[in-house]
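J.: Got a predicted structure plus its sequence, pasted below:
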Amino acid sequence: QSALTQPRSVSGSPGQSVTISCTGTSSDVGGYNSVSWYQQHPGKAPKLIIYDVNKRPSGVPDRFSGSRSGNTAYLAISGLQAEDEADYCCCAFAGSYTLMFGGGTKLTVL
Amino acid sequence: QVQLVQSGPEVKKPGASVKVSCKASGYTFTNYAVIWVRQAPGQGLEWMGWISTQRGSTSYAQKFQGRVTMTTDTSTTTVYMELRSLTSDDTAVYYCARVAIGGWHNDYWGQGTLVTVSS
């Protein structure tokens, strides 16, 4: 079981938009609607920001959005703010009670 | 409020075992499954396995099969993860997380437990 593929890093200036990709296969990202995204600040536990491909938990700003095309999921962040600087990780259900995580992407707000 | 509180940091020697606990509160324990995830220093999250708190059934990542055991104690609303035959590669922060109803996303996480394996 290989991890889902994410870019190691992305960056953007305040106010700009960035998109992070998460590539898997038809057996995980492309096979089920259970794709989620987590934000993690240094030394903290992950925080759920997107679930079921494109749903936002209560309290998560609508600047965060999720989508999917084929076997690749995307996390888009618009109107970048300094507090968005963190690691972002995708996760997908892979059948038979198993999950897979991406390698994580470090977002730098310039 | 929902809380998952994990046990404290551990230092173990190679070949030893470690057992990390995750005490849940603020919700009906048996209504939600729990997963365990680890994060080695500077690395991404790695899924270790899943346990049903209602039935005690488990599913483990292939990588950890035979070396990990997850258990649940409904009387104390606590989930445990035991990892055996530790090596330095097992040095990581270990997290428990609740699996949301109707999906596979994790809405609440423990604070993490640092396990250091060193001779």
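T.: Arrived safely, thanks for sending.

J.: For the residue nearest in space to the middle of chain B, grab phi and psi.
T.: Nearest to the mean C-alpha position of chain B, counting by CA atoms, centre = their mean, stands residue B:36 at 3.4 Å. Dihedral angles of residue B:36 (phi, psi; degrees, to the nearest 10) stand at phi -120, psi 140.

J.: Residue B:63 too?
T.: With angles defined as degrees, to the nearest 10, residue B:63 sits at phi -60, psi -30.

J.: and the gap between it and residue A:3?
T.: 11 Å (CB to CB, to the nearest Å). No exception for glycine: its C-beta is placed from N, CA and C like everyone else's.

J.: How about residue B:28?
T.: Taking CB to CB, one finds residue B:28 at 33 Å from residue A:3.

J.: do the same with residue B:27
T.: 30 Å.

J.: And residue A:29, by the same measure?
T.: The value you get for residue A:29 to residue A:3, if CB to CB is used, is 12 Å.

J.: The two: which is more packed in?
T.: residue A:29 (28 against 19; other CB atoms under 10 Å in any protein chain shown).

J.: which parts of chain A sit against chain B?
T.: With the criterion set to CB under 8 Å from any CB of the partner chain, chain A comes near chain B through A:1, A:3, A:32, A:34, A:36, A:38, A:40, A:45-48, A:51-52, A:57, A:87, A:89, A:91, A:93, A:96-104.

J.: Now which of these would you call buried?
T.: A:3, A:32, A:34, A:36, A:38, A:40, A:45-48, A:51-52, A:87, A:89, A:91, A:93, A:97-104 (16 or more other CB atoms under 10 Å in any protein chain shown).

J.: now, which of the residues you listed lie within strands?
T.: Counting by DSSP state E, the part of those found in strands is A:36, A:38, A:40, A:47-48, A:87, A:89, A:91, A:93, A:99-101.

J.: ok so residue A:83 is a helix residue?
T.: Yes - under DSSP: H, G, I helix; E, B strand; the rest coil, residue A:83 sits within a helix.
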